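Visitor: got a structure for you, letters missing:
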């Protein structure tokens, strides 16, 4: 396993992070425990969850993923060996059943932090992230920003001040953002510097071969501001494994079970691009999944790649992607395909 020190922090995270959003929905607690044991045995020390998980989000299951992780930490007694990241939900995500008012203000942040700490059964969260912005913008990897007149949202300064208080109280160590935009990143950095408030140390956004929009404006910020990407959805909901090619819908697979995750299967350009990347992997006798993950692993602006799986075979294959070094020939071919299929999945 390789490790990466998040700049402006003491967090030395594994280059692969174990995602958890299937626990409590597609995966049982026993299966989650097996994934954790296996991943930790392979050197993964970074676990990412959220108060909203599992997905698809529902009132009946909300918080169960954190509870599963909390029970695991208590039973295994290995909390000190791990870096635990979680996220607070915000307005606009159809999750107002979590709290009546989802604004990222002092009251909601305090409630959310305390709730996560209780479910996780820990005293302090290592990395606390804003799951998506508290304003109208094109989050979750969407394109086509549409301005809204007379918009009301919690000022970023107020959010930062509330997070600073959580750090002062010892409830969280570091903060990060997720599903952010270039404007949002720079605003968080600017306000933190101007008002001597905690600096965000990471950004968690979608990034994969089918959606390289992060490279347009965000990657330069990551480079120049030493603000690494925690890449999520590196396999495009599993599409880049090739298992959905030729209109195949494997039983129990995420996009088979949950049709809402059809961003990478609902248009012909996305399907054609997926097939092209799968064909390229086969031409070089490579696993399509490992090719997709290795592409993300080896980007200079990526601090950690968040992998997920519903079984140990998938998890093992995903972890082994770290040993795959892409040749200049393959990198060139990937870039050529990106020109042929530019951001096929908005």
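Guide: Done, it's in. Everything quoted here is computed from the prediction, not taken from an experiment.
Visitor: what residue ranges in the stretch 1-150 of the chain are flagged as low confidence?
Guide: 141 (pLDDT under 70).
Visitor: which of the helices or strands spans residue 85?
Guide: strand 83-88 (DSSP states H and E).
Visitor: and if you look at residue 336?
Guide: Residue 336 belongs to helix 328-340 when assigned by DSSP H and E.
Visitor: so which elements touch that helix?
Guide: In terms of contacts (3 or more C-beta pairs under 8 Å, 6 or more residues apart in numbering; DSSP states H and E), helix 328-340 is packed against helix 268-283. Just so you know, the C-beta spots here come from the backbone N, C-alpha and C atoms, and that holds for glycine as well.
Visitor: list the buried ones in the helix it packs on?
Guide: 270, 271, 273, 274, 276, 277, 278, 280, 281 (16 or more other C-beta atoms under 10 Å).
Visitor: list the contacts of the strand holding residue 85.
Guide: 11-13, 17, 45-52, 66, 69, 73, 104, 108-109, 112-113, 116, 120, 122, 125-131, 176, 178, 204, 230 (C-beta atoms under 8 Å, 6 or more residues apart in numbering).
Visitor: from the buried residues of helix 268-283, pick the one nearest residue 62.
Guide: For those, the minimum distance to residue 62 (C-beta to C-beta) is 30.1 Å, reached by residue 270.
Visitor: thought that closest one was touching residue 211?
Guide: No: using C-beta atoms under 8 Å, residue 270 makes no contact with residue 211, being 9.4 Å away.
Visitor: can you list residues touching both of the two?
Guide: What both residue 270 and residue 211 touch, as defined by C-beta under 8 Å, 6+ apart, is the set 344, 345.
Visitor: narrow the contacts of strand 83-88 to those in strands?
Guide: 12-13, 17, 46-48, 125-130, 176, 178, 204, 230 (DSSP state E).
Visitor: all helices for the stretch 151-300 of the chain, in order.
Guide: In the stretch 151-300 of the chain, the helices defined using DSSP state H, counting those that start in this stretch lie at 156-168, 182-194, 214-224, 254-257, 268-283, 288-297.
Visitor: closest to the centroid, which residue in this protein?
Guide: Nearest to the geometric centre of the chain sits residue 232, at 3.5 Å (C-alpha atoms, centre = their mean).
Visitor: where does it land on pLDDT?
Guide: Confidence at residue 232, expressed as pLDDT, is 97.
Visitor: give me the nearest residue to it, chain neighbours excluded.
Guide: In space, and not counting its chain neighbours, residue 232 is closest to residue 306: 4.6 Å by C-beta to C-beta, 6 or more residues apart in numbering.
Visitor: how about residue 230: which residues does it bridge to?
Guide: residue 204, residue 304 (DSSP bridges).
Visitor: which ones are touching it?
Guide: Taking C-beta under 8 Å, 6+ apart, one finds 17, 48, 85, 176, 178, 202-204, 302-306 in contact with residue 230.
Visitor: kindly recompute the last result at 10 Å.
Guide: 6, 13, 17, 19, 46, 48, 85, 127, 129, 176, 178, 201-205, 207, 302-306 (C-beta atoms under 10 Å, 6 or more residues apart in numbering).
Visitor: narrow those residues to just the buried residues.
Guide: 6, 13, 17, 19, 46, 48, 85, 127, 129, 176, 178, 201-205, 207, 302-306.
Visitor: can you tell me which residues contact residue 339?
Guide: With C-beta under 10 Å, 6+ apart, residue 339 has no contacts at all.
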